[in-house]
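Undergrad: sequence first, then the predicted structure, then my questions.
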Amino acid sequence: MPTLTVNGRRVTVNADATILDAARTAGVEVPTLCQFDGLEPWGGCRLCVVDMSQANWDDDWFKVVTACNHPVQEGMTVVTDSERIIETRRVVLDLLLARCPETPLVRKLAFEYGIEETSYTPNPEPDDCILCGLCTRVCDHIGVSAISSINRGWGREIAPPFNQPPPDCIGCLACAEICPTACIPYETSNVRRRIWGKEFEMLRDPKTGEAVITREQAEHFAERSGVPIIYFEKSDRSKRREMARTFEKLQVVKS
Amino acid sequence: MRIESKDQFEALRGQALEIDANRKQQVLVCCGTGCLASGSKAVAEAFASEIAKRSIDASVDLFVKPTGCHGFCERGPLVVLNPQGILYTKVKPGRVEEIVDTTLVGGEVIPGLLYKDPVSGERVEKYGEVPFYKHQVRVAMRNIGRIDPTDILDAIAQGAYSGVAKALFEMTPDEVIGEVATSGQRGRGGAGFNTARKWQSCKDAPGEKCYVLCNGDEGDPGAFKDRSIMEGDPHSVLEGMIIGAYAIGSHEGWIYVRDEYPLAVVNLTIALKEARKYGLLGENIMGSGFDFDIKISRGGGAFVCGESSALMRSLEGKTGEPRAKYIHSTEKGLFDLPTVLNNVETWAGIGAIIERGGAWFASMGTERSKGTKAFSLVGKVKNTGLIELPMGTTLRHIIYDIGGGILKDRPFKAVQTGGPSGGCVPEELLDLPVDYEELTEAGSMMGSGGMIVMDDRTCMIDVSRFFLAFLEEESCGKCTPCREGLRQMLYIYDRLIAGQGRGGDIELIERLAAGMQLGSLCELGKSAPNPVLSTLHYFRSEYEAHISDRACPAGVCRELTAFEIIADECDGCHLCYKACPVEAISGVVKELHVIDHDVCISCGACVDVCPTDAVRTFPKHEGARFNNV
């Protein structure tokens, strides 16, 4: 287990930890936008930059790296609040604020770094997407890959193939849920769900009648897990009730 | 047909040399992309039909050979006559008959087709005496222009695959790496990483197999060295890769080529096929027991795929985006396996290093940058083209002795090196010896070896904007500083060239540039501010003039510049009248010409054609100062 210092505090973390993990263990806050525990780090937003020096480097030699995906090493020194790091984050936030001048999350983070209005030319057609890529990555992670980024550079955006309702989408809403600026619109009711222009029929709990999941999502999960589809149709409430009844029968709990 | 041993290879080389020696008269017609565009295919065909007409034995008495790029594209189509060594430039098909009659049959040189030295004004007869070629030392490009790239025997006659034979039969893999280490060769793609060290770390990395890749995704505006190598001598690339694969123990390789290089793809494909046919590639190469094969992968048109990690993602069939390289690709590269990725020019030099020895290569160049380097010399120089020189050659030598100086002998202003991520080097640094470190210290870089020469009619803000626009278009958009930063930088430059620059813009540029350098994910974003920072460093007053005076000192930015004809200087040659695209100039021959400012679009065409420098520029907002109406 390597031991390193973050802003002067010594921490010992697992060998496969990232600098971000170490900073959190040390109680040092590092801002992030495109990082999400459970998803492979991506290093796209560049907000989590830190200064890092390895044990065998010259004392005053530091390199700017992203904390989210840089592995820790024994004897590493990490500084998260050096002047150039704060300034780099300021530039990143200033640029994001130009892209998304009205987005509350961006405004809040920028404000924390002393920026109220962007120094740059505001986006003439702003939306709330900060291109953090969480939506496409979670979709890949679930094994669906229904959406992706299209175009490049400043024209980059998130879209389903050919901007048509994506055939592979299972309507799980993971993309919309994970989005830090809540900019992926969807509608959902007890009967129907709609996201990325695609309509889904909701499967309802046979007993309670609650809408639980889309048929496509249930099929996807059933296929990948080998668990019968009927399991995914049940609402959490139904599952708990069933479990309670089983426990009762087994006399695990006294009635 | 298949080579089964070193002896058989030597015998094949002997045969190939014999064929070459028997060709008494050779006509080499440059069929590189540049000369093809100026019609060299028709020239080669004209030679063929002329030979047919005279019933000459084409294989012996007069052999016409289409070759790769000779480099001197400016003067194409080029024809070299061997053994005489005569170079004819700008050869049109209509003059072929005359060449055959006068020179080949009659033994007389045609002076009109010879190269005229722009400095001395004299005609130069021999290829090797033309200043453009005289100063060059060719290693990676050793066979380009000498061989028919589609004829493997021709390449073998000139020494191709001899390095492979030597490595496979006389050297251990470690000795190969040792020889490359002795040569001190560094990556020719721009970053300049030590080749041997890269190979060694890949070899030492754990993994059930490893890969050898060639980066042929050359995308810098104005650079075409890798293109010429792949088109003109694909065998040198294959040879280098086979040797590299042997050194690190790889059995699979890819060449990643820009799809915009169709001739390179064709010639590489032919070379691969021929090499396999002769047992120089594939299973049991030359009977040595070593297996290695190469596939070609065509890029999809993204500049960023020239970046190593993006190239590997693209090869894997994924979106070509860079990723963090905290673990080197020599350890986890293609398909997360150890991978050596080298540039086309790097690979092309390996065969020569093995054959002639690392010490020979290291005897050229400077202390830290050994050997020779290919450059694409373009812009406002008299002799544009592709050159290869020892490292440490000064910019002045390159631009004035090889390039022949600035077009129309205008004053030199700067040379942009290293492509869009490089920088502009000003006149005071003309004596800079060109190597990796010197260029980096000057705020530029070696990059792909592109050199764009600029004269006094170049606005440094306009130049920086050009490169920014290129990079903004090519940024993949994954990381914030590069994606948003380039867009915002472009907004600022649009303001500057439109005369709407604000106080504080220079500081804003500097802050943004620093943020991009430190914050961007890959080298594209990290180095994107180089053109900006180098012009700001050397030509700061030009920026200030654009902002404070609303003036473009070079007289280029249209919104800021007006034109006028100085009465005393104009001799009424009428050239500007003809050049003006909007008929803003009035005047008759031998009388003073006048520009109508209401019609003028400030394109500068009149300045470029005026032989007496009578057209001057002044800041638009000052109005017409010289009232010559």
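TA: Now that the structure is in, tell me what you want to look at. Numbers count the residues shown, from 1 in each chain, chains lettered A, B, ... in the order given.

Undergrad: what's the neighbour count on the residue of the stretch 101-250 of chain A found nearest chain B?
TA: For the stretch 101-250 of chain A, the residue closest to chain B is A:Arg156, as judged by CB to the nearest CB, at 3.3 Å. C-betas here are computed from N, CA, C, even on glycine. A:Arg156: 18 surrounding residues under other CB atoms under 10 Å in any protein chain shown.

Undergrad: check contacts around it.
TA: The contact partners of A:Arg156, by CB atoms under 8 Å, 6 or more residues apart in numbering or on different chains, come to A:Leu131, A:Ser149, A:Ile150, B:Cys476, B:Gly477, B:Lys478, B:Arg483.

Undergrad: nearest spatial neighbour of it, chain-adjacent residues omitted?
TA: Among residues not flanking A:Arg156 along the chain, B:Gly477 sits closest, at 3.3 Å (CB to CB, 6 or more residues apart in numbering or on different chains).

Undergrad: list the contacts of the one you found.
TA: Per CB under 8 Å, 6+ apart, neighbours of B:Gly477: A:Leu131, A:Ser149, A:Asn151, A:Arg152, A:Gly153, A:Trp154, A:Gly155, A:Arg156, B:Arg483.

Undergrad: what about these, which are in helices?
TA: If you go by DSSP state H, the contacts of B:Gly477 have B:Arg483 in helices.

Undergrad: out of the contacts of B:Gly477, which is nearest to B:Gly68?
TA: Closest approach to B:Gly68 among the contacts of B:Gly477 (CB to CB): A:Arg152, at 32.6 Å.

Undergrad: what's residue 165 sitting at in phi/psi?
TA: Went with chain A since none was named. Main-chain dihedrals, A:Pro165, degrees, to the nearest 10: phi -50, psi 120.

Undergrad: pretty sure it is touching A:Lys198, no?
TA: Yes. Because the distance of 3.7 Å satisfies CB atoms under 8 Å, A:Pro165 is recorded as touching A:Lys198.

Undergrad: list the residues that contact the closest residue to chain B within the stretch 51-200 of chain A.
TA: Evaluated by CB to the nearest CB, the stretch 51-200 of chain A has A:Val91 as its residue closest to chain B, separated by 2.7 Å. Contact analysis of A:Val91 by CB under 8 Å, 6+ apart lists B:Pro481, B:Gly485, B:Arg511, B:Leu512, B:Ala514, B:Gly515, B:Met516, B:Gly519.

Undergrad: in a markdown table: those residues, plus neighbour count.
TA: Shown next, in a markdown table, are the contacts of A:Val91 (neighbours: other CB atoms under 10 Å in any protein chain shown):
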| residue | neighbour count |
| --- | --- |
| B:Pro481 | 28 |
| B:Gly485 | 31 |
| B:Arg511 | 16 |
| B:Leu512 | 24 |
| B:Ala514 | 16 |
| B:Gly515 | 25 |
| B:Met516 | 29 |
| B:Gly519 | 28 |
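
Undergrad: could I get the CA-only coordinates of stretch B:195-204 as PDB?
TA: Taking Å, rounded to 0.1, in the frame of the first residue of the first chain, the C-alpha atoms of stretch B:195-204 are listed here in PDB:
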ATOM      1  CA  THR B 195      14.300   5.300 -30.800                       C
ATOM      2  CA  ALA B 196      16.400   2.700 -29.100                       C
ATOM      3  CA  ARG B 197      15.100   3.600 -25.700                       C
ATOM      4  CA  LYS B 198      11.500   3.300 -27.000                       C
ATOM      5  CA  TRP B 199      12.200  -0.100 -28.400                       C
ATOM      6  CA  GLN B 200      14.000  -1.300 -25.300                       C
ATOM      7  CA  SER B 201      11.100  -0.300 -23.000                       C
ATOM      8  CA  CYS B 202       8.600  -2.100 -25.200                       C
ATOM      9  CA  LYS B 203      10.800  -5.200 -25.200                       C
ATOM     10  CA  ASP B 204      11.100  -5.100 -21.500                       C
END
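
Undergrad: in chain B, which residue sits nearest chain A?
TA: Closest to chain A within chain B is B:Gly515: 2.7 Å, counting by CB to the nearest CB.

Undergrad: pull out the buried residues from the contacts of B:Gly477.
TA: Neighbour counting by 16 or more other CB atoms under 10 Å in any protein chain shown classes A:Leu131, A:Ser149, A:Arg152, A:Gly153, A:Trp154, A:Arg156, B:Arg483 among the contacts of B:Gly477 as buried.

Undergrad: that older thread, between which two of the contacts of B:Gly477 is the distance greatest?
TA: Using CB to CB, the contacts of B:Gly477 reach their maximum pairwise distance at A:Ser149 and A:Trp154, which is 12.5 Å.

Undergrad: now for B:Asp456, how many residues are close by?
TA: 15.

Undergrad: nope, B:Gly178 is what I was after
TA: 16.

Undergrad: thinking again about what came up before, which one of the contacts of A:Arg156 is nearest to B:Val607?
TA: Using CB to CB, the contacts of A:Arg156 come closest to B:Val607 at B:Arg483, 37.6 Å.

Undergrad: report pLDDT for the nearest residue to the closest one once chain neighbours are set aside.
TA: Using CB to CB, 6+ apart and skipping the chain neighbours, the partner closest in space to B:Arg483 is B:Gly477 (4.3 Å). B:Gly477 is assigned a pLDDT of 95 by the prediction.

Undergrad: secondary structure element holding B:Gly477?
TA: Here B:Gly477 sits in a region with no helix or strand, counting by DSSP states H and E.

Undergrad: roughly how far does it sit from B:Leu521?
TA: Using CB to CB, to the nearest Å, B:Gly477 is found at 11 Å from B:Leu521.

Undergrad: and for B:Ile152?
TA: Between B:Ile152 and B:Leu521 the distance, using CB to CB, works out to 42 Å.

Undergrad: ok, now B:Ile565?
TA: B:Ile565 is 52 Å from B:Leu521, by CB to CB.

Undergrad: same question for B:Asp217.
TA: 18 Å.

Undergrad: what kind of secondary structure is the residue of the stretch 51-200 of chain A closest to chain B in?
TA: Under DSSP: H, G, I helix; E, B strand; the rest coil, A:Val91 falls in the helix class.

Undergrad: list the contacts of B:Gly222.
TA: By CB under 8 Å, 6+ apart, the contact set of B:Gly222 is B:Ser376, B:Val378, B:Gly379, B:Gly419, B:Gly450, B:Met451, B:Ile452.

Undergrad: among the residues you listed, which one lies nearest to B:Phe303?
TA: Taking CB to CB as the measure, B:Phe303 lies nearest B:Gly419 of the contacts of B:Gly222, at 9.6 Å.

Undergrad: need the pLDDT of the closest residue to the closest one other than its chain neighbours.
TA: Leaving aside its chain neighbours, B:Gly419 sits nearest to B:Asp220 (3.0 Å; criterion: CB to CB, 6+ apart). Reading off the confidence values, B:Asp220 has pLDDT 87.

Undergrad: and if you look at B:Ser448?
TA: 84.

Undergrad: that one: neighbour count?
TA: B:Ser448 has 29 neighbours, counted by other CB under 10 Å.

Undergrad: related to what we said a few turns ago, farthest-apart pair in the contacts of B:Gly222, please.
TA: Farthest apart among the contacts of B:Gly222 by CB to CB are B:Gly379 and B:Gly419. That separation is 13.0 Å.
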